[in-house]
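Peer 1: Sequence and predicted structure below; questions after.
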Amino acid sequence: KQEVTQIPAALSVPEGENLVLNCSFTDSAIYNLQWFRQDPGKGLTSLLLIQSSQREQTSGRLNASLDKSSGRSTLYIAASQPGDSATYLCAVAQMDSNYQLIWGAGTKLIIKP
Amino acid sequence: NAGVTQTPKFRILKIGQSMTLQCTQDMNHNYMYWYRQDPGMGLKLIYYSVGAGITDKGEVPNGYNVSRSTTEDFPLRLELAAPSQTSVYFCASRPGTSGRGAYEQYFGPGTRLTVT
């Protein structure tokens, strides 16, 4: 059974720092991996989607990498800003399901001004 | 486009009561999903639909029912509410056509439900 883990559960860093969020999964037979942002009282927003055949995706200050063989993905945030404060979740789509997403519990990120 | 809308935003139910959580999307998406998120946990799939008239169970379907009579609407029904159903419920949709954008899910703002 696929399990998705995100460590750490919470992270606090000063504004301007570059940072890395981690996501690991136990079954490498995935279709893709997605990173989402969750703000309090709001829904989730898709940030980046990496297909299983890709190594990384970039959007602005965000870069997500995927190492399927080791079951790891990272989300790199450059020059962090207070507006980046949110919970970041990763989710993997299994190859053998009807595209059901398996979710990590998230990393709560606080950027201190 | 309003995207994915959910009503109500908050609800308190007594044990044994029933209610329907409403979800509507105006993006003409084929796929729709209901998730629940418990505190400090990731999302778990309750039910999903691949198009009008077609629904299927997800990981945690017990205690819930769904219907999909139109492309736009995907209501979630709770029968005989129990404290274990206290959670935040999210509805999501995705296009489901070919191409990379087919797999990006769009989420509603959620419904916070408390059963006491």
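Peer 2: Looks like it arrived, so ask away.
Peer 1: do the helix or strand hosting A:Trp35 and chain B meet?
Peer 2: If you go by DSSP states H and E, A:Trp35 is part of strand A:30-38. Yes: in terms of CB under 8 Å from any CB of the partner chain, part of strand A:30-38 sits within range of chain B, namely A:Tyr31, A:Asn32, A:Gln34. Every C-beta, even on glycine, is put in place using the N, C-alpha and C of the backbone.
Peer 1: can you tell me which residues contact the first one?
Peer 2: Which is A:Tyr31. A:Tyr31 is in contact with A:Gln51, A:Ser52, A:Ala93, A:Gln94, A:Met95, A:Tyr99, B:Tyr103, counting by CB atoms under 8 Å, 6 or more residues apart in numbering or on different chains.
Peer 1: one more time with 7 Å, if that's ok
Peer 2: In this structure, A:Tyr31 makes contact with A:Ser52, A:Ala93, A:Gln94, A:Met95, A:Tyr99, judged by CB atoms under 7 Å, 6 or more residues apart in numbering or on different chains.
Peer 1: From those residues, list the ones also adjacent to chain B.
Peer 2: Filtering the contacts of A:Tyr31 for proximity to chain B by CB under 7 Å from any CB of the partner chain leaves A:Ala93, A:Tyr99.
Peer 1: got a winner among the contacts of A:Tyr31 for most neighbours?
Peer 2: A:Ala93 (21 neighbours; other CB atoms under 10 Å in any protein chain shown).
Peer 1: which non-adjacent residue is nearest it?
Peer 2: A:Tyr31 (4.2 Å; CB to CB, 6 or more residues apart in numbering or on different chains).
Peer 1: On the pLDDT front, check that neighbour for me.
Peer 2: pLDDT for A:Tyr31: 90.
Peer 1: again, but for B:Ala2
Peer 2: pLDDT, B:Ala2: 81.
Peer 1: which stretches of chain B form strands?
Peer 2: B:4-7, B:10-13, B:19-25, B:31-37, B:43-51, B:54-57, B:64-66, B:76-78, B:87-94, B:106-107, B:111-115 (DSSP state E).
Peer 1: residues touching the residue nearest the centre of chain B, list them.
Peer 2: Central residue of chain B (CA atoms, centre = their mean): B:Trp34, 2.6 Å from the mean position. B:Trp34 makes contacts with B:Ile46, B:Tyr47, B:Val66, B:Leu76, B:Tyr89, B:Cys91, as judged by CB under 7 Å, 6+ apart.
Peer 1: so what's the third one up against?
Peer 2: When contacts are counted by CB under 7 Å, 6+ apart, B:Val66 is found next to B:Trp34, B:Tyr47, B:Ser49, B:Thr55, B:Phe74, B:Pro75, B:Leu76, B:Arg77.
Peer 1: Next one: it relative to B:Thr114, how far apart?
Peer 2: Distance, B:Val66 to B:Thr114, by CB to CB, to the nearest Å: 21 Å.
Peer 1: Can you flag the buried ones in the contacts of B:Trp34?
Peer 2: Those of those that meet the buried threshold are B:Ile46, B:Tyr47, B:Val66, B:Leu76, B:Tyr89, B:Cys91, by 16 or more other CB atoms under 10 Å in any protein chain shown.
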